[in-house]
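[1] Structure for the following, please:
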Amino acid sequence: MYKPKGIVFDMDGVLRVGNKAIPKADEIIKIMKLKNIKGMVSTNECRYTEDEIREELYDLGINIPNEWYIYTAAMAVRDFLKTRIEKNNNKKYYIGIIGETGLFTTINSLSIYDNFIITDEPPKKKLDNIELILIIGTVNKIKITNLEKGLDWINSGAKIITTCCDTTDPASKGDFNLGMPSHILHLLKYNTKFVRQYSLGKPNPIFKTKIIEVFNNIPIKDILFVGDTLYTDIQLANESGMKSCLVLTGNTKLETIENYVIEPDIIINSIGDLKEYLN
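    Residues are numbered from 1 along each chain as shown. Next up is the predicted model:
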């Protein structure tokens with residue numbers, strides 16, 4: 001039987017659903033610590049900072065060890081932009097953001113660079129050697145002001161980065177499901193001629209790069225990625241050479257798998273069923 005040396009967990013739909021922990025999630029983490037199996041959390045969540053997510057999970061009874069890295073879609077956007085602005089330090093980057101506080105806080109860490117400017121409105125004049133980028137993250141509710149801001153940036157020639165390509169959010173119910181970047185883009189496309197975006201959430205390869213960095217002494221084939229979504233979690237794992245494990249507590253039901261080319265290596269009902277792969 002396959003025995004992983006490192007495990008990457010998606011968060012929503014795997015460790016928790018909404019404000020409830022998945023049963024036995026903390027037990028699996030304790031077993032991993034006992035057996036010295038390295039862990040990490042990888043999520044397309046962008047509304048909260050890493051510290052806020054760690055605290056939220058702790059309040060639910062899921063104690064993520066301090067040595068475990070939590071990597072969010074907001075951090076992926078930050079790292080992508082950091083590489084870009086350092087490579088082109090003679091260019092100025094004007095950044096617009098549609099999102100919640102966690103996304104703003106994470107991206108704002110790049111303000112230490114002189115050529116990086118976060119602003120509500122794009123420059124009114126055409127300036128030389130600048131690049132306009134609009135970042136669209138998940139929001140708790142789509143507001144008219146979000147759409148007006150998006151149109152203003154797009155009509156000014158901004159390139160678009162989204163924090164994920166998800167269409168549903170297993171962390172939330174009701175109106176929250178309408179706040180994904182794809183829904184915002186869908187509304188914007190009715191009001192502008194050209195919208196093309198680049199998603200930095202899973203399965204973007206930037207997540208593979210971070211996972212390899214975190215598990216620096218573990219071969220990629222010995223890393224197990226546990227997720228609930230085929231076209232993000234399982235696709236990332238399969239394309240990266242990791243083993244993939246699909247849990248059925250989130251976005252994907254068993255019958256859904258029949259309609260996808262993407263297939264997980266392992267299917268379990270819930271995170272607690274990982275126990276047999278850890279003994």
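[2] got a list of what the closest residue to residue 222 other than its chain neighbours touches?
    Once flanking residues are discounted, residue 222 sits nearest to residue 5: 4.2 Å by CB to CB, 6 or more residues apart in numbering. No exception for glycine: its C-beta is placed from N, CA and C like everyone else's. When contacts are counted by CB atoms under 8 Å, 6 or more residues apart in numbering, residue 5 touches 37-38, 218-219, 222-223.
[3] Where neighbours are concerned, which of these has the most?
    residue 223 (24 neighbours; other CB atoms under 10 Å).
[4] In the stretch 1-150 of the chain, mark out all the helices, start to finish.
    Using DSSP state H, counting those that start in this stretch, the helices found in the stretch 1-150 of the chain span residues 25-34, 50-59, 73-87, 101-108, 144-155.
[5] And the second one, what does it pack against?
    Judged by 3 or more CB pairs under 8 Å, 6 or more residues apart in numbering; DSSP states H and E, the packing partners of helix 50-59 are strand 69-72.
[6] Kindly report the same for the third one.
    Helices and strands touching helix 73-87, by 3+ CB pairs under 8 Å, 6+ apart, are strand 92-98, helix 101-108, helix 205-214.
[7] Near residue 167, how many other residues are there?
    The burial count for residue 167: 14, using other CB under 10 Å.
[8] I'd like the distance between it and residue 260.
    14 Å (CB to CB, to the nearest Å).
[9] for residue 68, same thing?
    Distance from residue 68 to residue 260, by CB to CB: 29 Å.
[10] the more surrounded of those two?
    More neighbours surround residue 68 than the other of residue 68 and residue 260, with 19 against 13 (other CB under 10 Å).
[11] mind listing what that one touches?
    Residue 68 touches 39-41, counting by CB under 8 Å, 6+ apart.
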